[in-house]
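K.L.:
sequence plus predicted model, see below.
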Amino acid sequence: AGAGQRDAVAAVIARHGGQPLQADSQSAPGDEKKQYSMHSFGAVFVEVHVDPELGAIRVPRVVGAYHVGRVLNAKTAHSQLLGGVVWGLGMGLMEASELDLPSGRVANANLADYHVPVNADIGDIDVSVVDAPDLAFNPLGARGIGEIGIVGVAAALANAVYHATGRRVRKLPVRLDDLI
């Protein structure tokens, strides 16, 4: 069954334009996976508007494209990626644990004092996926979506702020006092 499965995977990859996997006669079953990256990946682009007098940052648009292998449920995959983008915007603009130095405790250790994004903070988010199975990873061709939506958002946000203001901020969140 092992050789038959490898032949089936090679046939599918060849049918979709890739090169068939060549199994080395001295390699153990599963070694071909060491030749490939098994991680999901993506690219994120953020547009920012920065008030020149106040330094207030608004994000009217985020565009993200991700390769996550075969998408098993389009609705939940889309929602997971949207949530990751919102989470990344929160990390990049507002979320921070504030330490009370005299007591050594976190001063905003509850959701009443910890700032997270709400609907008014979020502009248009456009996420898309490359729905192509990764049969070198597993027979189903699906990879993880988990947290891939958050990964590049804060970095893209900081780069957009640099492009808009000329100020390179190297810590998160990007705050008003970093720009003034």
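P.N.:
All right, it came through fine.
K.L.:
residue ranges of the helices in the chain, please?
P.N.:
Ranges of helices in the chain, per DSSP state H, are 2-15, 74-93, 153-165, 176-179.
K.L.:
for those, give me TSV that also has mean neighbour count, distance to residue 43 and mean pLDDT.
P.N.:
Any C-beta I mention is one placed from the backbone N, CA and C, and that applies to glycine too. Output for those, formatted as TSV (neighbours: other Cβ atoms under 10 Å; distance: least, Cβ to Cβ, whole Å; pLDDT from 0 to 100):
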stretch	mean neighbour count	distance to residue 43	mean pLDDT
helix 2-15	13	24	65
helix 74-93	19	12	95
helix 153-165	20	9	96
helix 176-179	14	25	88
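K.L.:
between those helices, which gets nearest to residue 128?
P.N.:
Of all those, it is helix 74-93 that lies closest to residue 128, at 8.8 Å by Cβ to Cβ.
K.L.:
and that closest one with helix 153-165, angle?
P.N.:
Between helix 74-93 and helix 153-165, the angle comes out at 50 degrees (axes from the mean of the first three to the mean of the last three Cα atoms, to 10 degrees).
K.L.:
what residues does helix 74-93 touch?
P.N.:
Residues outside helix 74-93 that contact it (Cβ atoms under 8 Å, 6 or more residues apart in numbering) are 44, 57, 59, 62, 64, 66, 68, 71, 115-117, 121-122, 125, 127, 129, 145-154, 157-158, 172-174.
K.L.:
just the buried ones out of the residues you listed, please.
P.N.:
Using 16 or more other Cβ atoms under 10 Å as the burial test, the contacts of helix 74-93 include 44, 57, 59, 62, 64, 66, 68, 71, 117, 122, 125, 127, 129, 145, 148-154, 157-158, 172-174 as buried.
K.L.:
out of the contacts of helix 74-93, which are inside strands?
P.N.:
44, 57, 59, 62, 64, 66, 125, 127, 129 (DSSP state E).
K.L.:
nearest to residue 178 among these?
P.N.:
Closest approach between the ones in strands among the contacts of helix 74-93 and residue 178, by Cβ to Cβ: residue 57, at 9.7 Å.
K.L.:
verify the stated contact: that closest one with residue 46.
P.N.:
No: using Cβ atoms under 8 Å, residue 57 is not in contact with residue 46, being 10.3 Å away.
K.L.:
minimum distance to residue 101: which of the helices of the chain has it?
P.N.:
Ranking these by proximity to residue 101 (Cβ to Cβ) places helix 176-179 first, at 18.4 Å.
K.L.:
name the residues that touch that closest one?
P.N.:
So helix 176-179 is contacted by 50, 54-57, 161, 165, 167, 169, 171 (Cβ under 8 Å, 6+ apart).
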